[in-house]
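# Quick one, fold the following:
(2 chains, ligands or ions: 2)
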Amino acid sequence: MSDTQVTDAHGEAIDDDKRDFIFIATGAAAAAGAVSLGWPLVAQMGKAADTLAAGSIEIDISKIAEGQQLKMLWRGAPVFVRHRTPKEIAEAENTDISKCPDPQTDSERLVAKPDGTIDPRYLVMVGVCTHFGCIPVGESGDYDGWYCPCHASHYDTSGRIRKGPAPRNMAIPDYTYISDTVIKVG
Amino acid sequence: MSGHPSTYEPKYGATKWLDQRLPIIRMGADFMTFPSPRNLNYWYTFGGILTLCLVSQIITGIILAMHYVPHTELAFESVQRIRRDVPFGWLLQPMHAVGASMFFFAVYVHMFRGLYYGSYKAPREVLWIIGCLIYLVMMATGFLGYTLPWGQMSFWGATVITGFFGAVPVVGESLQQWLLGGYAVDNATLNRFFALHYLLPFVIAGLVGVHVWALHHVGQNNPIGITPKTKKDTLSFHPYYTVKDAFAVVVFLLIFAFFLFYQPDALGHADNYIEADALKTPPHIVPEWYFLPFYAILRAVPDKLAGILLMLGAIAVLFVLPWLDTSKVRSMRFRPVARGFFWIFLFFCFILGWCGAETPDNMVPFLSVGDKGLNFTWLSRIATFYYFAYFVIILPILGLVEKPKDRPESITKAILGDSSHGAAAPAE
Ligand code: HEM
Ligand code: FES
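Numbers count the residues shown, from 1 in each chain, chains lettered A, B, ... in the order given. Ligands and ions are numbered 1, 2, ... in the order given. So this is what the prediction gives:
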């Protein structure tokens, strides 16, 4: 090798190892730079601080009559609070959940009051179809619960998916009873 | 653009000077004299029509953007204001909205033309794939634009389509909320959709440039699919095809004008004249007509993820079509059996469009009595099956077993028979 040594413009010998090192170091610095700049470019699309902070809502559930449903906007999506009739409660509780696509008992879908009791009359859930996000219509469908008109998903009186393309039960939001009759969502 | 030897001769001092530094006039001149097969029919005028559509969308779009306000509280009203109060807004807004439909109509004709004449086969695979990419970006642009007027269909269409991303296993929900910039479709979503809707048409313009580059590199296909052999098989693009394209454009614009002046809302959905309401889903959500066949494929399967994959597959299959069709014969004119399957394919594409517009549980008229017979879910399943079978079963097998008809030796022979030395050949 040494008898045909490569020289640069100044007649100095070229050290290949040194060149490789410079190439790799430059490449590595450029890659690190691209990634650290790329991340902010991607992350800016996420939820902004004000969206994340978009507070909580309080709902006085005593004002909802039996068989009535309240719809409130929370985080841009509707929250349903339904005062269920005894028939609806019975249907929700007496379902053989082993046949449900997303098995959950009715009481698993309710939140206890401060004294530890569960009031099965009030069902609180995010009123968004788990298929592609349409808002299901109440008191309809094959299971007396909700029916999503977009692609025909049927939910029962506990908001569980029973038939149609939606994969999951309607979601239960984070909520607590701050008194016997007032709930706080979020 | 390569493909044929340049015949441009700069005549003046200034053009000679420029030609040595930037041969831009030469490029234009070579474009105008590009040798095109002499037998191109009117199905070949849609490329020119599409170029016009793109230019029209960009010009009217930039004008709309001068008056439109991308905010959830003002967007709906600002579009109404464009239509009622802005000078000539009544003309320019529908030019853009109807224009989108005309654009898609033209692109569908253009694509079916390619399917019929085998324009995707060697050596035009890359040309075809770039076309598929353009179609994909057009679909994105159309979807984003439809969100902007912030009507009920805008809002719920955006909700359903962005919901697709929620079906991705594990990261689905985070991905969807990242795209939306929130928990649901809201102001952040509208704003970014506007920014992207402004950007994508220029991406399309760039892709069109590459599309035409590829076209001029491999040369145009033609209705008989025989490669031009001699100079007699071709004509200069100008004036022969500039005139033919111009005539087709006039006819196209007549149809455009009919919708524009008499039926500006016929191609849209009445629910989009109701302002977006996050608390109420319209009872019957449908996409714009040009997405209906894909919507039908989406709904044909009862599973969320499978439906989306099938729908994406319906587009993906177009990209690999050059390698699925095993026949070396380009034009369906010489493939009597394949031609029959092609027309059935077209028929089922219309059926899919029909299914996409109907409620899945409803019964199909003529094919059912009472609640017995075929409902739209099953009809869309049959049509979806044929859609895929055409590409992955029929075309691959037919190419191996079908006996094509005899093909003429050359384009000129096909037109003039053996007396092709006569005066009938136009002077060049
Ligand atoms: C590939 C080309 C394009 C397509 C297919 C397209 C499609 C659409 C569609 C379907 C709509 C909804 C119209 C309605 O229903 O009222 C729309 C709206 C809009 N587009 Fe485009 N567009 C294109 C290019 C552009 C460009 C280049 C701009 C300019 C920046 C633009 C700006 C707008 C604006 C401001 C609106 C909202 C106003 C309205 O709804 O009329 N578009 N577009
Ligand atoms: S969005 Fe509810 S069924 Fe598709």
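
# could you dump stretch A:103-112 to PDB, C-alpha only?
Backbone C-alpha positions of stretch A:103-112 (Å, rounded to 0.1, in the frame of the first residue of the first chain) are rendered in PDB as follows:
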ATOM      1  CA  PRO A 103     -67.800  -8.300  28.900                       C
ATOM      2  CA  GLN A 104     -68.400  -6.000  31.900                       C
ATOM      3  CA  THR A 105     -71.100  -6.200  34.600                       C
ATOM      4  CA  ASP A 106     -73.400  -3.200  35.000                       C
ATOM      5  CA  SER A 107     -71.900  -2.400  38.400                       C
ATOM      6  CA  GLU A 108     -68.400  -2.300  37.000                       C
ATOM      7  CA  ARG A 109     -69.700   0.600  34.800                       C
ATOM      8  CA  LEU A 110     -70.900   2.700  37.700                       C
ATOM      9  CA  VAL A 111     -69.000   4.700  40.300                       C
ATOM     10  CA  ALA A 112     -69.700   4.500  44.100                       C
END
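
# Now the strand or helix carrying B:Phe202: buried residues?
Element membership for B:Phe202, per DSSP states H and E: helix B:187-218. Within helix B:187-218, the residues scored as buried using 16 or more other Cβ atoms under 10 Å in any protein chain shown are B:187-190, B:192-194, B:197-198, B:200-201, B:204, B:207-208, B:211-212, B:214-216. (Glycine included, C-beta is placed from N, CA and C.)

# tell me what it is packed against?
The contact analysis (3 or more Cβ pairs under 8 Å, 6 or more residues apart in numbering or on different chains; DSSP states H and E) places helix B:187-218 against helix B:46-65, helix B:125-147, helix B:152-163, helix B:172-180.

# near ligand 1, which residues of the stretch 201-350 of chain B show up?
Selection of the stretch 201-350 of chain B residues close to ligand 1 by Cβ under 6 Å from any ligand atom yields B:201, B:204, B:268.

# can you tell me which of the helices and strands packed on helix B:187-218 comes nearest to ligand 2?
helix B:152-163 (6.3 Å; Cβ to the nearest ligand atom).

# what's the angle between that closest one and helix B:172-180?
130 degrees (axes from the mean of the first three to the mean of the last three Cα atoms, to 10 degrees).

# For helix B:152-163, list the C-alpha coordinates in PDB.
This file holds the C-alpha atoms of helix B:152-163, laid out as PDB (Å, rounded to 0.1, in the frame of the first residue of the first chain):
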ATOM      1  CA  GLN B 152     -72.600  18.800   9.800                       C
ATOM      2  CA  MET B 153     -71.200  16.500   7.100                       C
ATOM      3  CA  SER B 154     -67.800  18.300   7.300                       C
ATOM      4  CA  PHE B 155     -67.600  17.700  11.100                       C
ATOM      5  CA  TRP B 156     -68.900  14.100  11.200                       C
ATOM      6  CA  GLY B 157     -67.000  13.100   8.100                       C
ATOM      7  CA  ALA B 158     -63.800  14.400   9.700                       C
ATOM      8  CA  THR B 159     -64.700  12.500  12.900                       C
ATOM      9  CA  VAL B 160     -65.300   9.200  11.100                       C
ATOM     10  CA  ILE B 161     -62.200   9.400   8.900                       C
ATOM     11  CA  THR B 162     -59.900  10.400  11.700                       C
ATOM     12  CA  GLY B 163     -61.500   7.600  13.700                       C
END
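
# B:Arg84 and B:Trp90 touch, don't they?
Yes. Using Cβ atoms under 8 Å, B:Arg84 makes contact with B:Trp90 at a distance of 7.3 Å.

# Mind checking which of those two has more residues around it?
Legend: neighbour count by other Cβ atoms under 10 Å in any protein chain shown for B:Arg84 and B:Trp90, higher for B:Trp90 (14 against 10).

# which residues does the more buried one contact?
B:83-84 (Cβ atoms under 8 Å, 6 or more residues apart in numbering or on different chains).

# Any figure for the gap between it and B:Leu260?
10 Å (Cβ to Cβ, to the nearest Å).

# is chain B contacted by the lowest-mean-pLDDT helix or strand in chain A?
The weakest-scoring helix or strand in chain A, judged by mean pLDDT, DSSP states H and E, is helix A:49-53 (a mean of 86). Yes. Helix A:49-53 is in contact with chain B by Cβ under 8 Å from any Cβ of the partner chain, via A:Thr51.
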